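K.L.:
structure, please.
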Amino acid sequence: MESEHLKARVLIVDDDPLLLETMRDILETEAFSVISAQTGEDGLRRIKEDTVDLVVTDIKMPGMDGIQLLHSIKTIDPDMPVIVITGFASVETAVEAIREGAYDYVIKPFEVEKLFTLVRRAVKEKKLAQKNKELMLGLEEASRELDRRLHQLFRLDEVSRTISSAFELDDFLRSLVNATTEAVKARVGSLMLFDDSSQYLTIKVARGLDKDIMDRVRIKKGEGIPGLAAEKKKIISSDEIYKDNIALGRTDRELYQSPHFVSIPISGHNRIWGVLNISAPDENFAFSDVDLRLLTILASQASVALENSQLNGKLQNSYLHTLQVLASAIEAKSKYTRGHSERVSRYASRFARHLKLSEDEIKKLQFACGVHDIGKINIADSILNKPTKLDTHEWQLMREHPNKGVEILIPLGILKEIVPLVKHHHEYFNGKGYPDGLEGEGIPFEARVISLVDAYDAMTSSRPYRERMSEESTLKEIEGYLGEQFDPRVGELFLQTQTEAV
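P.N.:
Presented below is the predicted three-dimensional model:
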């Protein structure tokens, strides 16, 4: 195959011989000249001895790893494009690689076409840079400045598309803000999210801001600098603000705490997700084009993460709805348990509002209540509907239903925070419950709430072996077990709520 990159020489460094051979075959089909090394030390030797136009290296290798090799390569040839291949991407490693001069990232398993595209582009840009140098030999000072700018752009071009999606969203956004502020040596940074229902921007994650400011700041689209960036879906910088003689409001001054700043909208698919705000580290700092490019790339990663989180949330809700229907079907097999989970969820929601829990906490509690007995799917109908007390073996099987519920939930990846609530809703405050014998505040708070409302519904409902108890008798029974089965503080509040309801 004749092409403009026929003579381009690519060095591949990887300790996996099979992957090394595979990449060699892939690149040779595109007429690249390929040499290889199985260690970082050997790769560095090949660079010193051979003519190399591009390096593709694994990041995790024994001895000299990919980051160390990258640093050594840049010491020898600052203009050498290096593509790093890794299976361990994160915001921090991406920024570290860019700082050391990496051209781009590829995550294993990688797409062949993506590797082709990156190698072609890197080789083409290096050759272009070399031609530019040759044309500017007579202008040494200008040539050095041009080389520096080109090198910075090469390092940041298409960066961070491989930032890990394995993070939980909160962890991802916190890491992103930390990495972003560190990348430009900023003292203050914040990421604000836009709430479609309230139509406000609020601070989700921040660095260098007091908690009071984080809790208090609420901005509408079009209001303040972040609101302006959200409304216009464009980067707003302090240079632009001062040029247009726009005065900063109190909230703006609290957010930025510096005369120089930039706000980057986080948007995608015709919607605004939020705004990334970064303040300059000092009065003499000016955001360069390279800085703005890096911040824009990182903001785009936040957009991808938020969109994926929304899609994942919809999928989880679908799973939970299916499980709740299944739980209801299990309960419907007995006239005594029909509607139990729905009632428990209703009682828990009412009590949670009395406790002034947040809407997110109430929603989590409702989900957990809806599936808290899903593990009973593994228990025979003859045990569930037995008209007399269970024998020792049957009782042991019944005690397994919290663990069985967890076994159903974990493989689905459904709202990990509800798994402990399903598992521990039969723990006793005195440590004599099951399945783990947790004690006191070692039991998740919401599980202690579910324990109360679950017992309340069980006592006020008929069972095969007894009639339903009266409201008065039920509350007296619960009161008698405060400090033993039930959390005494939470129990007192529950009794108060039920008394007021009556």
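
K.L.:
in the stretch 401-502 of the chain, which ranges drop under the pLDDT threshold?
P.N.:
412-415, 463-466, 500-502 (pLDDT under 70).

K.L.:
the helices in it, which residues?
P.N.:
Taking DSSP state H, counting those that start in this stretch to define them, one finds helices in the stretch 401-502 of the chain at 401-409, 419-423, 445-459, 471-480, 488-501.

K.L.:
quick one: the one residue sitting closest to the centre of the chain and Leu191, what's the gap?
P.N.:
In the chain, the residue lying closest to the centroid (C-alpha atoms, centre = their mean) is Leu169, at 2.2 Å. Distance of Leu169 to Leu191, given as C-beta to C-beta, to the nearest Å: 11 Å. All C-beta spots, glycine's among them, are computed from the backbone N, C-alpha and C.

K.L.:
list the buried residues of stretch 64-79.
P.N.:
Met64, Gly66, Ile67, Gln68, Leu69, Leu70, Ser72, Ile73, Lys74 (16 or more other C-beta atoms under 10 Å).

K.L.:
hmm, back to that, right, and the residue nearest to the centre of the chain touches Leu306 too?
P.N.:
Yes. Judged on C-beta atoms under 8 Å, Leu169 makes contact with Leu306 at a distance of 7.3 Å.

K.L.:
next up, phi/psi of the residue lying closest to Gly437 once chain neighbours are set aside, please.
P.N.:
Spatial nearest neighbour of Gly437, chain neighbours left out: Gly431 (5.4 Å); criterion: C-beta to C-beta, 6 or more residues apart in numbering. Dihedral angles phi and psi of Gly431 (degrees, to the nearest 10) take the values phi 90, psi 10.

K.L.:
measure stretch 352-362 end to end?
P.N.:
6 Å (C-alpha to C-alpha, to the nearest Å).

K.L.:
contacts for that stretch?
P.N.:
Ser349, Leu365, Glu446, Val449, Leu493, Thr497 (C-beta atoms under 8 Å, 6 or more residues apart in numbering).

K.L.:
now the two most distant members of the residues you listed.
P.N.:
Of all pairs drawn from those, the greatest distance, 15.9 Å, lies between Glu446 and Thr497 (C-beta to C-beta).

K.L.:
just the ones in strands from the buried residues of stretch 64-79, please.
P.N.:
Judged by DSSP state E, strands contain none of the buried residues of stretch 64-79.

K.L.:
which residues touch the closest residue to Ser33 other than its chain neighbours?
P.N.:
Counting by C-beta to C-beta, 6+ apart, Arg9 is the residue found nearest to Ser33 once chain neighbours are left out, at 4.6 Å. Residues near Arg9 by C-beta under 8 Å, 6+ apart: Phe32, Ser33, Val34, Ile35, Asp50, Thr51, Val52, Asp53, Leu54.

K.L.:
please repeat the previous calculation with a cut-off of 7 Å.
P.N.:
Arg9 is in contact with Ser33, Ile35, Thr51, Val52, Asp53, counting by C-beta atoms under 7 Å, 6 or more residues apart in numbering.

K.L.:
phi, psi of it?
P.N.:
Dihedral pair for Arg9: phi -110, psi 120, per degrees, to the nearest 10.

K.L.:
where in this structure is pLDDT low?
P.N.:
For the chain, the stretches with pLDDT under 70 are 1-7, 88-92, 94-95, 133-168, 308-338, 412-415, 463-466, 500-502.

K.L.:
and the strands in it?
P.N.:
9-13, 33-37, 54-58, 82-86, 104-107, 189-195, 200-207, 218-220, 236-237, 261-268, 271-279.

K.L.:
each with direction, which strands does the shortest one pair with?
P.N.:
Within its sheet, and counting by DSSP bridges, strand 236-237 is paired with strand 261-268 (antiparallel).

K.L.:
got the buried residues for the partner strand?
P.N.:
In terms of neighbour count (16+ other C-beta under 10 Å), strand 261-268 has its buried residues at Phe261, Val262, Ser263, Ile264, Pro265, Ile266, Ser267.

K.L.:
kindly report the same for stretch 393-409.
P.N.:
Within stretch 393-409, the residues that count as buried by 16+ other C-beta under 10 Å are Glu394, Met398, Glu400, His401, Pro402, Lys404, Gly405, Val406, Ile408, Leu409.

K.L.:
how near is the third one to Glu407?
P.N.:
Just to be clear, that refers to Glu400. Distance of Glu400 to Glu407, given as C-beta to C-beta: 10 Å.

K.L.:
same deal with the fourth one?
P.N.:
Between His401 and Glu407 the distance is 10 Å, computed by C-beta to C-beta.

K.L.:
next one: the second one
P.N.:
Using C-beta to C-beta, one gets 16 Å for the distance from Met398 to Glu407.

K.L.:
and the buried residues of strand 261-268, which is closest to Ile278?
P.N.:
Nearest to Ile278, judged by C-beta to C-beta, of the buried residues of strand 261-268 is Val262 at 5.5 Å.

K.L.:
near the closest residue to the closest one other than its chain neighbours, how many other residues are there?
P.N.:
Distance criterion C-beta to C-beta, 6+ apart; nearest residue to Val262, sequence neighbours excluded, is Ser237 at 4.6 Å. Residues lying near Ser237 (other C-beta atoms under 10 Å) number 20.

K.L.:
same thing with Leu248?
P.N.:
By the criterion of other C-beta under 10 Å, Leu248 has 17 neighbours.

K.L.:
same check on Tyr347?
P.N.:
23.

K.L.:
picking that back up, would you confirm that the residue nearest to the centre of the chain contacts Val304?
P.N.:
No. Counting by C-beta atoms under 7 Å, no contact exists between Leu169 and Val304, whose distance comes to 11.2 Å.

K.L.:
chain neighbours aside, what residue packs nearest to Met80?
P.N.:
Ile73 (5.3 Å).

K.L.:
check contacts around Val34.
P.N.:
The contact partners of Val34, taken as C-beta under 7 Å, 6+ apart, are Val10, Ile12, Arg24, Leu27, Glu28.

K.L.:
what do you get for Ile219?
P.N.:
Contacts for Ile219 (C-beta under 7 Å, 6+ apart) come out as Tyr200, Leu201, Pro226, Gly227, Thr251.

K.L.:
if we go to 6 Å?
P.N.:
Residues in contact with Ile219 (C-beta atoms under 6 Å, 6 or more residues apart in numbering) are Leu201, Pro226, Gly227.

K.L.:
including distance to Val422 and neighbour count, could the residues you listed go into CSV?
P.N.:
As requested, these are exported to CSV (distance: C-beta to C-beta, whole Å; neighbours: other C-beta atoms under 10 Å):
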residue, distance to Val422, neighbour count
Leu201, 35, 25
Pro226, 39, 29
Gly227, 41, 23
